[in-house]
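Colleague: my questions concern the predicted model and sequence given below.
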2 protein chains.
Amino acid sequence: MAEEKREEKRSRKTGGDRVAAICTALRRAIIERALSPGDRLPEDSLGERFGVSRTIARSALGQLAAEGLVDLRRNRIAVVAVPSFEDARDIFDIRVDLERQVVRHLAGKLTEAQVKQLTAIVEAEHQARHGAEGISIRLATEFHVRLAEMTGKPVLIRYVTEICYRAGLSLAVFSRPHSSECAVNEHLELIEAIRTGPADKACALMDEHLEAVASRALLQSSGARSRDLMDILAPYTE
Amino acid sequence: MAEEKREEKRSRKTGGDRVAAICTALRRAIIERALSPGDRLPEDSLGERFGVSRTIARSALGQLAAEGLVDLRRNRIAVVAVPSFEDARDIFDIRVDLERQVVRHLAGKLTEAQVKQLTAIVEAEHQARHGAEGISIRLATEFHVRLAEMTGKPVLIRYVTEICYRAGLSLAVFSRPHSSECAVNEHLELIEAIRTGPADKACALMDEHLEAVASRALLQSSGARSRDLMDILAPYTE
DNA sequence: GTGGATAAAAGTGCATACAGTTTTTGCATG
DNA sequence: CATGCAAAAACTGTATGCACTTTTATCCAC
């Protein structure tokens, strides 16, 4: 069994950045909730799963740890990060600022092609609305990431992308199943506001949207799933 | 010569995160301008210099690349990143937002000990005012990083720290020798405003301060040192 | 059974070896 | 004397091996 060499198809010569490939796969698995906060990510298994050595898997984990998606402690197995409630709040605060910048740069400047691209994503969100929840969340994230990419500003893109993924992970911890995304309409309104509107108006709408997402998830359920011993035992300690 | 085993003193047993040690050293070298944008960082030399294998050096470079301080391209030697002018501008824009958050959280809440700590840094800045320029820049950066640390918010601390280092690197590219930091007084005023003042006022002062630093460096010298072939040859192409 | 020592298993930390890829150097040629 | 071009040197990409740590499983006393 161990000797099976599956996936030997690809050229295997100059494998175009396999670390990045693993990162991409894991990011997606995390945002779609195929992986949950706290899940273990042993280097061996990871490497075997992707057909690479531990070296590569380890490097990918390091990268994801730098992005705040993975928790890496010395001599310990890596785990999907488990953001605290405070972390989640801070992540959303920063996200608001960053995305406001995105909107400011884009307001009134979207090309027709860009509008079409964004609308397509929202359309996909609409389709996925009753399917697996993970897909909805991924598409919602993709909407914001794509928006950032349209600024063409590498630095801004990098930070927005990272913070969006972290926000998605935070939601996995603190939002309960069905409170997540009724936000499809809000995305449509956003497109319209950015396309036509003055920057201030569009920014305000983005603020509102993000604050709504955060509230739906964070405020009302602060610790809904927080399997913290203290909370669980609270009713019993009298 | 090659066989010399210097630095064999330390226990060598369970070296407490040597990757982080290298990162710290390089970050500091970069911010102090001992390393300049574009300088080469071969894994071998780096490893030898720090008494570790290429594995560790490589990992450190990966980390710094994730922070935007190092440029890493496949099969190519790593170099200290060379931010473009647009990057620099975007970095400062993001910095303003992040540091505004810091100030907002801290306004009116600094303890006496914290004020003392900050004042000590500014004092050191004052001392270093006529010494090596690199030291001044490091201390100025340290002031902002320490401020962020006082919020106790890990996420915010991480992003502010990273963006401050990137800003420092940007200044290395775009600010000319003596335009950098006359900002010692501004730091003192900031401490005072944050200690006493209402959040809005302190935020405004921080905005002003950062905008001033950016202007002194970025606007007036847009490309002063941009050793871009196109610029250098422009006068000759008629 | 329950607690607890202890040995096996599973994993990480790191150096090293080797294959493949630039980059440099040295040399012959026009 | 510039210009290719080919061989050597310098580096990176990745797998693997071994030491050390943590976790899990085992077994024995009580």
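Modeller: Alright, I've got the coordinates.

Colleague: which bits of chain A sit near DNA strand C?
Modeller: A:13-14, A:41-45, A:54-55, A:58, A:74-78 (C-beta under 7 Å from any atom of the strand). All C-beta atoms are positioned from the backbone trio N, CA, C, and that covers glycine.

Colleague: and DNA strand D, which of the residues you listed reach it?
Modeller: Okay, of the residues of chain A next to DNA strand C touching DNA strand D (C-beta under 7 Å from any atom of the strand), that's A:54, A:55, A:75, A:76, A:77.

Colleague: for chain A, what spans make up the helices?
Modeller: Ranges of helices in chain A, per DSSP state H, are A:18-31, A:43-50, A:54-66, A:85-106, A:112-128, A:133-149, A:154-174, A:184-196, A:199-214, A:229-237.

Colleague: any idea how far the fourth one is from the chain center?
Modeller: The reference is to helix A:85-106. Between the centre of helix A:85-106 and the centre of its chain there are 13 Å (C-alpha atoms, centre = their mean, to the nearest Å).

Colleague: report the buried residues of it.
Modeller: A:85, A:87-106 (16 or more other C-beta atoms under 10 Å in any protein chain shown).

Colleague: from the contact counts, what lies against it?
Modeller: Contact partners of helix A:85-106 among helices and strands, from 3 or more C-beta pairs under 8 Å, 6 or more residues apart in numbering or on different chains; DSSP states H and E: helix A:133-149, helix A:154-174, helix A:199-214, helix B:85-106, helix B:154-174.

Colleague: dump these into TSV; add mean pLDDT and distance to residue B:192 as well.
Modeller: As requested, the helices and strands packed on helix A:85-106 are exported to TSV (pLDDT from 0 to 100; distance: least, C-beta to C-beta, whole Å):
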stretch	mean pLDDT	distance to residue B:192
helix A:133-149	95	37
helix A:154-174	96	31
helix A:199-214	92	31
helix B:85-106	97	12
helix B:154-174	96	21
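
Colleague: dump those helices to JSON lines, plus distance to residue B:205.
Modeller: Shown next, in JSON lines, are these (distance: least, C-beta to C-beta, whole Å):
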{"stretch": "helix A:133-149", "distance to residue B:205": "29"}
{"stretch": "helix A:154-174", "distance to residue B:205": "24"}
{"stretch": "helix A:199-214", "distance to residue B:205": "23"}
{"stretch": "helix B:85-106", "distance to residue B:205": "8"}
{"stretch": "helix B:154-174", "distance to residue B:205": "17"}
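
Colleague: to residue A:24, which of the ones you listed lies closest?
Modeller: Nearest to residue A:24 among the helices and strands packed on helix A:85-106 is helix A:154-174 (11.0 Å), distances taken as C-beta to C-beta.

Colleague: what score does residue A:235 have for pLDDT?
Modeller: Note for residue A:235: predicted pLDDT of 49.

Colleague: no wait, residue A:84
Modeller: Residue A:84 is assigned a predicted lDDT (pLDDT) of 95.

Colleague: from residue A:166, how far off is it?
Modeller: Separation of residue A:84 from residue A:166 (C-beta to C-beta, to the nearest Å): 12 Å.

Colleague: count of neighbours near the residue of chain A found nearest DNA strand D?
Modeller: Residue nearest to DNA strand D within chain A (C-beta to the nearest atom of the strand): residue A:53, separated by 2.9 Å. Residues lying near residue A:53 (other C-beta atoms under 10 Å in any protein chain shown) number 13.

Colleague: quick one: residues contacting the closest residue to it other than its chain neighbours.
Modeller: Spatially, and ignoring its direct neighbours in sequence, residue A:53 is nearest to residue A:47 (5.5 Å; C-beta to C-beta, 6 or more residues apart in numbering or on different chains). By C-beta atoms under 8 Å, 6 or more residues apart in numbering or on different chains, the residues touching residue A:47 are A:53, A:54, A:55, A:56, A:57.

Colleague: rerun that using 7 Å as the cut-off
Modeller: Contact analysis of residue A:47 by C-beta atoms under 7 Å, 6 or more residues apart in numbering or on different chains lists A:53, A:54, A:56, A:57.

Colleague: give me the pLDDT for the last one.
Modeller: At residue A:57, the predicted lDDT confidence score is 98.

Colleague: tell me the confidence at the residue of chain A closest to DNA strand D?
Modeller: At residue A:53, the model reports a pLDDT of 97.
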